[in-house]
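Peer 1: take this sequence and fold it.
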Amino acid sequence: MARPTKLIYKNDKYGFILRFPSWWRRYCVISKRRKDPDSEYELHFRFKYKGKIYDDIFAILVYRMSKEEWVRRGYKDSPLTYLGAYDGRVFAALTPEELPYAFVDPKTGDYDYRKYGTAIGLLKRMVNRDVPALVKTISFPRKQMTLESMPLRSRQICGCRLTRRTRKRKT
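Peer 2: Residues are numbered from 1 along each chain as shown. Here you go, the predicted model:
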């Protein structure tokens, strides 16, 4: 049995990589608008169904701070989920706490499962089952360690000769 393929998202600005289930391609669009004034960068993965774009499935927020500062500022006890730290920045995920208001029937004030049942089911699966596994796939580039090259000078190293010298035998 073949394993389901994964979509790979690579962020050019910060270099992180995320792996998504391939079936998300039809139901997800990416927005880079910033909502939190404390964040340096935000990436919103928004739910799309039948051509209409709804609220976030989840968002990745980038803060310019260390993990220690993250904890000291109280973010550890916030709705944000700590994903990792890289290059002086903290990466966090945010999932919605409720379904989009667009799914509410204005007459009853309750979610319209008759009209939006399939969309609600998909969004619930994405947020509750897929996102927790997906955020664990985040990976950051390894820092490249470059060493300055230094020529090695030693008397014990001898040069290579391409031709072989032979001694003439005395006869």
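
Peer 1: what mean pLDDT does the top helix by length along the chain get?
Peer 2: When the chain is parsed with DSSP state H, its longest helix is helix 113-125. What helix 113-125 shows for mean pLDDT is 94.

Peer 1: show me which residues of it are buried.
Peer 2: Going by neighbour count (16 or more other Cβ atoms under 10 Å), the buried part of helix 113-125 is 116, 119-120, 122-123. From N, CA and C alone the C-beta is placed, and that goes for glycine too.

Peer 1: in contact with the residue nearest to the spatial centre of the chain, which residues?
Peer 2: Nearest to the mean C-alpha position of the chain, by Cα atoms, centre = their mean, lies residue 18 at 3.7 Å. By Cβ atoms under 8 Å, 6 or more residues apart in numbering, residue 18 lies in contact with 8-9, 60, 134-135, 137-138.

Peer 1: cool, and residue 85?
Peer 2: Shown in contact with residue 85 (Cβ under 8 Å, 6+ apart): 66-67, 70, 91.

Peer 1: narrow these to just the buried residues.
Peer 2: Buried by 16+ other Cβ under 10 Å: 70, 91, out of the contacts of residue 85.

Peer 1: in helices, which of the contacts of residue 85 appear?
Peer 2: Reading helices off the contacts of residue 85 with DSSP H, I get 67, 70.

Peer 1: can you lay out the contacts of residue 85 as CSV showing pLDDT?
Peer 2: Putting the contacts of residue 85 into CSV (pLDDT from 0 to 100) gives the following:
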residue, pLDDT
66, 91
67, 91
70, 91
91, 94
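
Peer 1: and the gap between the closest residue to residue 5 other than its chain neighbours and residue 125?
Peer 2: Nearest in space to residue 5, with sequence neighbours left out and distances taken as Cβ to Cβ, 6 or more residues apart in numbering, is residue 22 at 4.6 Å. Distance of residue 22 to residue 125, computed by Cβ to Cβ, to the nearest Å: 15 Å.
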